[in-house]
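Enquirer: please work out how this folds:
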Amino acid sequence: MTAKLIYFVTQSLDGCIEDEQGKIDWAALDEERQHFINDALRPVGTHLYGRRMYETMQVWTQFGSSESDPSWARDFAKIWRSADKVVYSKTLTQISMPRTRLEQTFDVEAFAR
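Expert: Predicted coordinates:
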């Protein structure tokens, strides 16, 4: 079986992912964009993160859990929580997300297996 590796990231029109302070909150969540993201990521079984994106995504361990959260957030949280996650970091010693494992380096052969 051959899997597809998809690079998926929100970026500005000029190709920036983060602002001058290294933050990504400039790309505020909205319903239309999140429906697109949800549909794009729904079939993805494994998410790959570096340390900083892992730290950013931790918000989804809680957000999207409550009936008072927007339906698009609950949908994304369900999609995200059901996916396996691999965090690549040489500085982290442990992780706290369910369905997540920590790897020191990206080993292409191990990933393919």
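Enquirer: show me the strands in the chain, by range?
Expert: For the chain, the strands defined by DSSP state E cover 46-50, 84-88, 100-103.
Enquirer: just put these in TSV and tack on mean neighbour count, mean pLDDT and distance to Ile17.
Expert: The C-beta positions use only the backbone N, C-alpha and C, and glycine is treated the same way. Conversion of those to TSV gives the following (neighbours: other Cβ atoms under 10 Å; pLDDT from 0 to 100; distance: least, Cβ to Cβ, whole Å):
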stretch	mean neighbour count	mean pLDDT	distance to Ile17
strand 46-50	16	93	12
strand 84-88	18	95	17
strand 100-103	15	95	21
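Enquirer: need the ones you listed in JSON lines (columns: distance to Asp19).
Expert: Listed next are these as JSON lines, based on distance: least, Cβ to Cβ, whole Å:
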{"stretch": "strand 46-50", "distance to Asp19": "18"}
{"stretch": "strand 84-88", "distance to Asp19": "23"}
{"stretch": "strand 100-103", "distance to Asp19": "27"}
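Enquirer: of those strands, which is nearest Thr10?
Expert: Of all those, strand 46-50 sits nearest to Thr10, with 14.2 Å by Cβ to Cβ.
Enquirer: which secondary structure elements does the closest one contact?
Expert: Contacts defined by 3 or more Cβ pairs under 8 Å, 6 or more residues apart in numbering; DSSP states H and E place strand 46-50 against strand 84-88.
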